[in-house]
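Peer 1: here is a sequence together with a model predicted from it:
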Amino acid sequence: MFRLNNSITFGGNPLTLIGNEIKLGAKAPNFTALKTDLSPFSLEELKGQVIIISVMPSVDTPVCELQTIRFNTEAYEHGNINVITISADLPFALGKFCANKGVDTAMTLSDHKDLDFGMKYGFVLEELRLLARGIVVIGKDGIVKHVEYVQEVANHPNYDKAIDIAKKLV
């Protein structure tokens with residue numbers, strides 16, 4: 001386990017970010033997570049495609065709700081960009097949220113079981129066992145083209161920058 005030097009806060013209180021920090025230009029590590037129907041997902045399923053990974057702590061918060069809905073809309077509008085929304089929420093909670101909010105284009109994944117994504121991409125908040133907020137954009141070549149670790153967990157990520165980068169990769 002690695003402690004990252006990123007200074008992440010939640011409500012102004014510092015938290016420890018652990019895992020392997022993902023870097024711009026790195027090969028995107030494969031990871032596994034659970035879909036809302038409890039079936040397994042592997043990043044390999046989207047090999048050769050443009051991917052936005054929207055990372056959040058929990059759909060039960062206003063910023064996470066808006067982030068999930070925003071990226072679902074973008075996934076619909078730009079059908080050639082795959083959007084993954086991932087959190088440490090239980091698959092059941094994610095499924096219920098998606099059904100209630102009409103989130104049906106972006107793939108919603110749970111990292112609760114093994115924190116495989118969180119550890120491989122450096123998004124685990126040690127004190128909370130949740131994922132920090134951020135975005136990762138992966139090109140068709142499997143290389144990380146954009147990464148954002150949002151410094152204050154309660155703040156929004158830079159949606160427009162991630163979407164603009166992804167659109168140029170299609």
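Peer 2: Nice, I can see it.

Peer 1: ok, Ser7 - how many residues close by?
Peer 2: Number of residues near Ser7 (other C-beta atoms under 10 Å) recorded here: 12. Yep, even glycine has a C-beta here, placed from its N, CA and C like the rest.

Peer 1: residues in contact with it?
Peer 2: Residues near Ser7 by C-beta atoms under 8 Å, 6 or more residues apart in numbering: 14, 151.

Peer 1: may I ask which helix or strand of this protein has the lowest mean pLDDT?
Peer 2: Of all helical and strand segments in the chain, the minimum by mean pLDDT, DSSP states H and E falls on helix 62-77, at a mean of 82.

Peer 1: ignoring the adjacent residues along the chain, who's closest to the most centrally placed residue in the chain?
Peer 2: Centroid-nearest residue in the chain: Val55, 2.4 Å away (criterion: C-alpha atoms, centre = their mean). Among residues not flanking Val55 along the chain, Gly134 sits closest, at 4.5 Å (C-beta to C-beta, 6 or more residues apart in numbering).

Peer 1: any idea of the pLDDT on the residue nearest to the centre of the chain?
Peer 2: The per-residue pLDDT reported for Val55 equals 96.

Peer 1: you'd agree it is up against Val137?
Peer 2: No. With contact defined as C-beta atoms under 8 Å, Val55 does not reach Val137; the gap is 11.7 Å.

Peer 1: quick check: which element contains the closest residue to Glu152 other than its chain neighbours?
Peer 2: Closest residue to Glu152 apart from its sequence neighbours, by C-beta to C-beta, 6+ apart: Thr9 at 5.2 Å. Assigned by DSSP states H and E, Thr9 belongs to strand 8-10.

Peer 1: which helices and strands sit right next to that strand?
Peer 2: Counting contacts by 3 or more C-beta pairs under 8 Å, 6 or more residues apart in numbering; DSSP states H and E, strand 8-10 packs against strand 13-15.

Peer 1: residues near the residue nearest to Glu152, how many?
Peer 2: 14.

Peer 1: for it, name its beta-bridge partners.
Peer 2: Pro14, Glu152 (DSSP bridges).
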